[in-house]
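> Return atomic coordinates for the entry below.
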Amino acid sequence: MSLETAKGNALRPIAPAKLSHAVLRTTRLKEMVQWYKTVLNAEVLYQNEFLVFMTYDEEHHRLALVQVPGLVEKPKRCAGLDHLAFFYSTFGDWIETYERLKNAGILPRVPIHHGLSMSLYYRDPDGNGVELSIDNVERSEWHDWMRHQLGKNPLGVSFDPDELARKYHAGVPESELRRYESGSANNSDILSRLLE
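As a prediction, the model looks like this:
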């Protein structure tokens with residue numbers, strides 16, 4: 001099949017401008033709404049008895065939650081979407097979000113320093129993965145890092161978020177807090193914790 005217009009000019013492929021939103025089916029609508037309001041500091045822009053649209057920025061909605069009759073729980077370790085990822089602009093915002101969520105009783109299942117980023121992996125009330133991250137590498141270096149550094153340890157190494165927060169508040173320079181040593185490429189423990 002050819003990508004040509006009626007005039008014979010080839011149509012150029014155009015990538016989307018951004019990823020707009022995610023829609024999650026749920027059997028726990030109220031619990032999910034409260035969890036995402038707490039975790040993402042999201043605002044409900046529209047809600048009825050089975051549908052909720054939420055956002056945390058200028059987008060009309062970043063997340064929609066749908067509860068319809070007949071939904072069943074998904075089995076653990078099933079195929080499908082693994083997680084949604086949300087990035088923070090500053091190291092301080094990321095650390096303070098971790099502390100706020102911890103105070104609310106929401107703890108990450110797995111903290112991973114990927115090198116390129118540092119991530120806290122959570123599970124929402126339906127068991128969907130949610131990653132809260134901070135970038136460690138300048139945007140201009142992202143693609144090069146993925147091509148040439150990721151293979152040294154594709155998953156990364158675990159870290160202690162409480163220790164990281166303590167050092168952050170003690171004034172340890174961010175460059176030291178973000179330092180990455182790829183460690184062993186045997187990630188079986190991290191992988192099994194991510195899949196829990």
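> how near is residue 82 to residue 123?
11 Å (Cβ to Cβ, to the nearest Å). Placement of C-beta: from N, CA and C, glycine included.
> I should have written residue 11 there, sorry.
Residue 11 is 42 Å from residue 123, where distance means Cβ to Cβ.
> Pick out whichever of these two has more residues nearby.
Taking other Cβ atoms under 10 Å, residue 11 and residue 123 do not tie; residue 123 has more neighbours (17 against 9).
> need the contact list for that one.
Counting by Cβ atoms under 8 Å, 6 or more residues apart in numbering, residue 123 makes contact with 109, 129, 130.
> if we go to 6 Å?
Going by Cβ atoms under 6 Å, 6 or more residues apart in numbering, residue 123 touches residue 109.
> where does it land on pLDDT?
With respect to pLDDT, residue 123 scores 96.
> now do residue 25
The model reports residue 25 with a pLDDT of 96.
> Please report how far the residue nearest in space to the middle of the chain lies from residue 13.
By Cα atoms, centre = their mean, the chain has its centre lying nearest to residue 85, at 1.7 Å. Here residue 85 is placed at a distance of 25 Å from residue 13 (Cβ to Cβ).
> What of residue 102?
Residue 102 sits 44 Å away from residue 13, taking Cβ to Cβ as the criterion.
> what's the answer for residue 159, then?
Counting by Cβ to Cβ, the gap from residue 159 to residue 13 is 39 Å.
> of those two, who's got more company?
residue 159 (16 against 6).
> Using the three-state scheme, assign residue 120.
Secondary structure, DSSP: H, G, I helix; E, B strand; the rest coil: residue 120 is strand.
> Show the contacting residues for the nearest residue to it once chain neighbours are set aside.
Leaving aside its chain neighbours, residue 120 sits nearest to residue 108 (3.9 Å; criterion: Cβ to Cβ, 6 or more residues apart in numbering). Contact analysis of residue 108 by Cβ under 6 Å, 6+ apart lists 120, 121, 122.
> try 7 Å
120, 121, 122, 161 (Cβ atoms under 7 Å, 6 or more residues apart in numbering).
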